[in-house]
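In: With the input below, show me the fold.
(one chain, ligands or ions: 1)
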Amino acid sequence: MSVEWGEHLAVGVTAVEEQHKEMFRQINLLMDAINQGKGADQVIPLLDFLQEYTVDHFRDEEKIMVESSYEKLEPHRIEHEQFRLEMENLRLRVRTEGGTRLNVLMTSRALLHWLVQHIYSADKDLADHMRTTRGIACLT
Ligand SMILES: [Fe+2]
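Out: Predicted structure coming up:
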């Protein structure tokens, strides 16, 4: 069962929006691969890509927060860090142990749910902040 990006998750900031959609697409690809019983040789490249893409996306968001003097930068950054660590743990587990299908699937689902929650609260709050500051020009 996949979870798709939907309008209810829109933050109204084009660059961020496109990256969120891609993250959903990548996590769903990962879960599909696991569901289809694909081996570590196919799962690892998907995890590597997701990890790299996520790090870039968080870096972009954090840059926006710094540039716009966003007062909730630190708690937002901590949430990003937790996700990064979860991703890294999952990747290391699959790389070293192969990772059981159930294990990886459950973690991937947890990542997806985390992403939904994060966009719904922290990212929407950031987008609201951007709309009320002059920094919005750098986001679109
Ligand atoms: Fe974020």
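In: Surely His76 is in contact with Val66?
Out: No: contact between His76 and Val66 fails when scored by C-beta atoms under 8 Å: they sit 10.9 Å apart. Quick note: C-beta positions are derived from backbone N, CA and C, even for glycine.
In: so where's this structure uncertain?
Out: 1-2, 98-99, 134-140 (pLDDT under 70).
In: Flag every residue of this protein that's near the ion.
Out: Proximity of the chain to the ion, by C-beta under 5 Å from the ion, involves residues 61, 123.
In: Counting by contacts, list what the longest helix along the chain packs against.
Out: Across the chain, the longest stretch assigned as helix under DSSP state H is helix 40-67. In this structure, helix 40-67 packs against helix 14-35, helix 73-97, helix 124-131, with contacts taken as 3 or more C-beta pairs under 8 Å, 6 or more residues apart in numbering; DSSP states H and E.
In: again, only this time at 6 Å
Out: If you count contacts as 3 or more C-beta pairs under 6 Å, 6 or more residues apart in numbering; DSSP states H and E, helix 40-67 packs onto helix 14-35, helix 73-97.
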